[in-house]
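Novice: Next come a sequence and a model predicted from it.
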Amino acid sequence: MRLTRFTDLALRVLMRLAVEEGELPTTREVAATMEVPYTHTAKAVAKLQHMGLVETRRGRGGGLALTPAGRSASVGALVRDLEGPGDVVDCTGTTPCPLRAACRLRGALRTAQEAFFASLDPLTLADLVTAPTGPLLLSLSPRRDAD
């Protein structure tokens with residue numbers, strides 16, 4: 001199974017916020033630190049805010065912060081929500097698969113996909129940012145040309 005870049009970025013944003021100890025980082029600062037375009041990061045932050053996982057604060061002292069729901073969320077649930085519904089393969093696309101009426105592969109792949117998500121269910125963000133990941137995240141400095 002392969003995650004979309006959007007899901008990967010959203011998880012990295014959450015991980016970065018999970019280790020924040022000082023001032024709240026801005027979306028621009030997180031984008032620079034993660035070395036991804038600001039616009040992509042802003043879209044991920046907007047989705048995470050809509051999901052109730054990230055809080056955005058404007059003005060002086062503002063920035064991004066994890067909500068309590070974000071801190072305790074299951075990684076499996078996050079990935080399911082970020083990836084959205086859908087099968088591993090598209091059997092009914094513009095060129096439908098001629099085997100779709102009697103294919104056992106689609107069901108097997110759906111089972112494998114759910115097993116993938118289920119293996120992530122017991123993990124939380126706190127699990128993902130234990131050493132050595134958390135200290136590494138804190139040591140990253142923003143790149144100036146990430147826009």
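Specialist: Happy to help now that I have it. Because the structure is predicted, anything quoted here is derived from the model rather than measured.

Novice: so where's this structure shaky on pLDDT?
Specialist: For the chain, the stretches with pLDDT under 70 are 143-147.

Novice: What are the buried residues along the helix ranked longest in it?
Specialist: Ranked by residue count under DSSP state H, the longest helix found in the chain is helix 105-120. The neighbour-count check on helix 105-120 (16 or more other C-beta atoms under 10 Å) flags 106, 109, 113, 117, 120 as buried. In this view, the C-beta of every residue, glycine as well, is placed from N, C-alpha and C.

Novice: which residues does the third one contact?
Specialist: Listed by C-beta atoms under 8 Å, 6 or more residues apart in numbering, the contact partners of residue 113 are 1, 87-88.

Novice: same check, this time on the first one
Specialist: Neighbour list for residue 106: 87, 89, 91, 100 [criterion: C-beta under 8 Å, 6+ apart].

Novice: Looking at these, spot the one nearest residue 125.
Specialist: Lowest distance from residue 125 to these (C-beta to C-beta) belongs to residue 87, with 27.4 Å.

Novice: Distance check, that closest one against residue 106.
Specialist: Residue 87 sits 6 Å away from residue 106 when distances are taken as C-beta to C-beta, to the nearest Å.

Novice: next one: residue 128
Specialist: Residue 128 is 31 Å from residue 106, by C-beta to C-beta.

Novice: got it, and residue 63?
Specialist: Using C-beta to C-beta, one gets 44 Å for the distance from residue 63 to residue 106.

Novice: same deal with residue 97?
Specialist: 8 Å.

Novice: Need the overlap of contacts for the two.
Specialist: Common neighbours of residue 97 and residue 106 are listed as residue 91 (criterion: C-beta under 8 Å, 6+ apart).
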